[in-house]
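Undergrad: Here is a sequence with its predicted model. Questions after.
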Amino acid sequence: MKSNIKKIGVFTSGGDAPGMNAAIRAVVRAGAYYEKTVVGIRSGYDGLLRGDFREMGPRDVSNIIHRGGTILKSARSDEFRTEEGRAKAYENIKAAGIDGLIAIGGDGTFAGAHAFYKEYGIPIIGIPGTIDNDLVGTDYTIGYDTATNTAVNAIDAIRDTASSHDRLFFIEVMGRDAGFIAVRSALATGAEAMLIPEKKTTVDRLLQILEYGTVNKKSSSLVVVAEGANEGSSISLKEEVDRRTNEQYDSKVTILGHLQRGGKPTCFDRILASRMGVLAVEGLMEGQQDVMVGLINRKVRYTTLLTAINGEREIDEELLRVGNILAI
Ligand code: F6P
């Protein structure tokens, strides 16, 4: 493959996601395979601003495919949001002779990458790495499958104790403004209800669902609440339900929080990350720029960074329908 790209910079940015290490490994090794120099940039855009660069070869990414987190570290950089910050980053990139970038992250990362591309024209390819799964242009983002499985394991454990004590649990999962983790984890754990940002479920409706369960001899219930749910946080929901039912239910709240962000990536995420890492290097070599690499129905797609972050990503209504039927 003939290409003008000789030196590729790679970084992880924003919230870390399980599988980011597998993606870094794939970029570094694909780069070596195609005889490119690969430079690891530490701590996302902060590393670009500091010139914190280090050449990486295949052995620098040994034994990381199975590890959560990111060996390059991650950050959310305020300075890179400014024109002055991006000018500083450009000077560092020029001085280091980097002629292409691979940014592994989510919407904030890609917004920064697009702004940088527009100002300086450096070819940039994004690899979707976020547990939230909220990007357009790929069926799955790296880390989503692992985070969902982590949530499922935790909710299964809560079901055991909920059932032993005939309790109602509100379990809050991550996802920022998106309900993807909530929908899949609720369906996979047989939760009685889920509250997500993409759909309105009033507290009245939730009370009806709970009441229906009681009448139909359910002794315990699980309600999965996405952190961005319209109806409020898991804590405020519990308080509201307690108040409106005169504490009819023995209710508890569990917020799963950052444990969903760590841990060993699943097989699915390792393979997704490995494929995307190779595809990103090949994409850069083919002249792709200002795009995110994605896989839709297992086929490679490049989507502009702007579309990836601004397009409307829809929840699968079929999953909601099945969840509804099975909560009987
Ligand atoms: O975007 C990933 C994510 O984990 C979201 O699900 C969550 O809202 C946010 O990051 C938490 O960010 P932080 O780690 O900065 O608290």
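TA: Looks like it arrived, so ask away.

Undergrad: Point out the residues in the chain that sit beside the ligand.
TA: Gly15, Gly106, Thr130, Ile131, Asp132, Met174, Gly175, Arg176, Glu227, Arg261 (CB under 6 Å from any ligand atom). The C-beta positions use only the backbone N, C-alpha and C, and glycine is treated the same way.

Undergrad: The residues you listed into CSV, with extra columns for secondary structure and pLDDT?
TA: Formatted as CSV, these follow (DSSP: H, G, I helix; E, B strand; the rest coil; pLDDT from 0 to 100):
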residue, secondary structure, pLDDT
Gly15, coil, 97
Gly106, coil, 97
Thr130, coil, 98
Ile131, coil, 98
Asp132, coil, 98
Met174, coil, 98
Gly175, coil, 98
Arg176, coil, 96
Glu227, coil, 98
Arg261, coil, 98
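
Undergrad: For Tyr117, give me its contacts.
TA: Pro123, Ile124, Gln289, Asp290, Leu305 (CB atoms under 8 Å, 6 or more residues apart in numbering).

Undergrad: Tell me, how many residues neighbour the second one?
TA: Right, Ile124. By other CB atoms under 10 Å, 25 other residues sit near Ile124.

Undergrad: Repeat that for the last one.
TA: In terms of burial, Leu305 registers 28 neighbours under the definition other CB under 10 Å.

Undergrad: you'd agree it is up against Val291?
TA: Yes: counting by CB atoms under 8 Å, Val291 is a contact partner of Leu305 at 6.3 Å.

Undergrad: intersection of neighbour lists for those two?
TA: With CB under 8 Å, 6+ apart as the test, Leu305 and Val291 both reach Gly126.

Undergrad: coming back round to it: closest to Asp156 among the contacts of Tyr117?
TA: Leu305 (37.1 Å; CB to CB).

Undergrad: any idea how far the ligand is from that closest one?
TA: 17 Å (CB to the nearest ligand atom, to the nearest Å).

Undergrad: got a list of what whichever residue of the stretch 201-328 of the chain sits closest to the ligand touches?
TA: Of the residues in the stretch 201-328 of the chain, the one nearest the ligand is Arg261, at a distance of 5.3 Å by CB to the nearest ligand atom. The contact partners of Arg261, by CB under 8 Å, 6+ apart, come to Gly15, Asp16, Ala17, Pro18, Gly68, Ile131, Gly143, Ala147, Met174.

Undergrad: can you check Ile125 too?
TA: 100-103, 280, 283-284, 288-289, 291-293, 302 are the contacts of Ile125 under CB under 8 Å, 6+ apart.

Undergrad: now with 6 Å?
TA: The neighbourhood of Ile125, defined by CB atoms under 6 Å, 6 or more residues apart in numbering, consists of Ile102, Ala280, Gly283, Leu284, Gln288, Val293.

Undergrad: swap in Thr148?
TA: Contacts of Thr148 (CB under 6 Å, 6+ apart): Ile181, Arg184, Ser185.

Undergrad: thought Gly106 was touching Asp16?
TA: No: in this structure, Gly106 is not within contact of Asp16 by CB atoms under 6 Å, at 10.3 Å.

Undergrad: What's the mean pLDDT across the longest helix belonging to the chain?
TA: If you go by DSSP state H, the chain has its longest helix at helix 144-164. The average pLDDT within helix 144-164 is 98.

Undergrad: which parts of that helix are buried?
TA: 144-152, 154-155, 158-159, 162 (16 or more other CB atoms under 10 Å).

Undergrad: So what does Lys7 look like in phi/psi?
TA: phi -130, psi 120 (degrees, to the nearest 10).

Undergrad: what's next to the lowest-mean-pLDDT helix or strand in the chain, contact-wise?
TA: Least confident helix or strand of the chain, by mean pLDDT, DSSP states H and E, is helix 317-326 with a mean of 93. The contact list for helix 317-326 (CB under 6 Å, 6+ apart) reads Val183, Leu187.

Undergrad: Separate out the buried members of the contacts of Arg261.
TA: Gly15, Asp16, Ala17, Pro18, Gly68, Ile131, Gly143, Ala147, Met174.

Undergrad: Next, give me the two most distant ones among those.
TA: Gly68 and Met174 (14.5 Å).

Undergrad: coming back round to it: can you tell me which of the contacts of Tyr117 are in helices?
TA: Leu305.

Undergrad: so can I have JSON lines of the contacts of Tyr117 showing pLDDT?
TA: Putting those into JSON lines (pLDDT from 0 to 100) gives the following:
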{"residue": "Pro123", "pLDDT": "97"}
{"residue": "Ile124", "pLDDT": "98"}
{"residue": "Gln289", "pLDDT": "97"}
{"residue": "Asp290", "pLDDT": "98"}
{"residue": "Leu305", "pLDDT": "98"}
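
Undergrad: Does Arg167 touch Asp250 like I think?
TA: Yes: counting by CB under 6 Å, Arg167 does reach Asp250; the two are 4.7 Å apart.

Undergrad: So which of these two has more stuff around it?
TA: Arg167 (17 against 13).

Undergrad: distance of Lys238 from Leu306?
TA: 39 Å (CB to CB, to the nearest Å).
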